[in-house]
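J.: predicted model follows, preceded by the sequence.
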Amino acid sequence: MKFKHYKFILKEIKNSSFLYLQSMALLLITYIDWTLIPFVTKLEGTYLPVFMISFFMLIGALDGIVQPIFKHIKIYNIYLFSIILDIIQIASYFLYGVSIELFTYVILAIFTIQGITFEVARVHTVDFMQDESIDLKEYLMLRSFIISLAIIFGGISAMLFDYFNIDLLYILSYLTFLALFSIYLQYKLYKMFKKRVIKSTLEIEPDHKELFEKFR
């Protein structure tokens, strides 16, 4: 049966704490965003002119163009920036009670920057998969599986919240709790990535010295 191909997903996540942390953080971040996106889209259509909606769409489409700029960026710095962005997103929730229009602008800006960061991180994370003994194709399948799962759960949650007429303030409080946990997971990933990058750098330096000695 074709369903047996799903076994590798659970196997890989179970056998690697690194992949487990990555999967959990990716699941939570994507779930939070896709639970909130339908409500923000409704506010977007109500309060924002077409010009501004198009502007945010154009900025979001720059991810492939700006990636070469971040070719040599350290992966742990991307996670650090992502953590800062998540903290700003949580803080932006308080704007809902101040100005719905301002909240819509800010949250859309955060989503746009987050989308670009998400793509930059995806490209740089691939470099570390060889250390996890996982095939690149399987890793990309695993990542796509986690993202699809999170989007489905997020969409269902949004539908249930809307069906039961849950106030957006309560939804934001619920998402804040999940976001704080995702920040914790991302911080652990940040430390893990930083440790691996520093270790890799220290291993390369002696190799360069040995090569220099041979040709001196």
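T.: Received the coordinates, thanks. Numbering: from 1, shown residues only.
J.: which stretches of this protein form helices?
T.: Applying DSSP state H to the chain gives helices spanning 7-15, 17-47, 50-60, 63-66, 75-92, 100-125, 136-163, 168-214.
J.: could I get these as JSON lines with mean pLDDT?
T.: Rendered in JSON lines, the data for the helices of the chain read as follows (pLDDT from 0 to 100):
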{"stretch": "helix 7-15", "mean pLDDT": "74"}
{"stretch": "helix 17-47", "mean pLDDT": "94"}
{"stretch": "helix 50-60", "mean pLDDT": "94"}
{"stretch": "helix 63-66", "mean pLDDT": "89"}
{"stretch": "helix 75-92", "mean pLDDT": "95"}
{"stretch": "helix 100-125", "mean pLDDT": "92"}
{"stretch": "helix 136-163", "mean pLDDT": "92"}
{"stretch": "helix 168-214", "mean pLDDT": "82"}
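J.: could you dump the ones you listed into a markdown table with mean neighbour count added?
T.: Heads up, the C-betas are built off the backbone N, CA and C, glycines and all. Shown next, in a markdown table, are those (neighbours: other Cβ atoms under 10 Å):
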| stretch | mean neighbour count |
| --- | --- |
| helix 7-15 | 14 |
| helix 17-47 | 18 |
| helix 50-60 | 12 |
| helix 63-66 | 12 |
| helix 75-92 | 18 |
| helix 100-125 | 18 |
| helix 136-163 | 15 |
| helix 168-214 | 14 |
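J.: pretty sure residue 151 sits against residue 32.
T.: No: between residue 151 and residue 32 there is no contact under Cβ atoms under 8 Å: 11.3 Å.
J.: so who does residue 37 touch?
T.: Going by Cβ atoms under 8 Å, 6 or more residues apart in numbering, residue 37 touches 111, 154, 158.
J.: quick one: which of those residues is nearest residue 18?
T.: residue 154 (24.4 Å; Cβ to Cβ).
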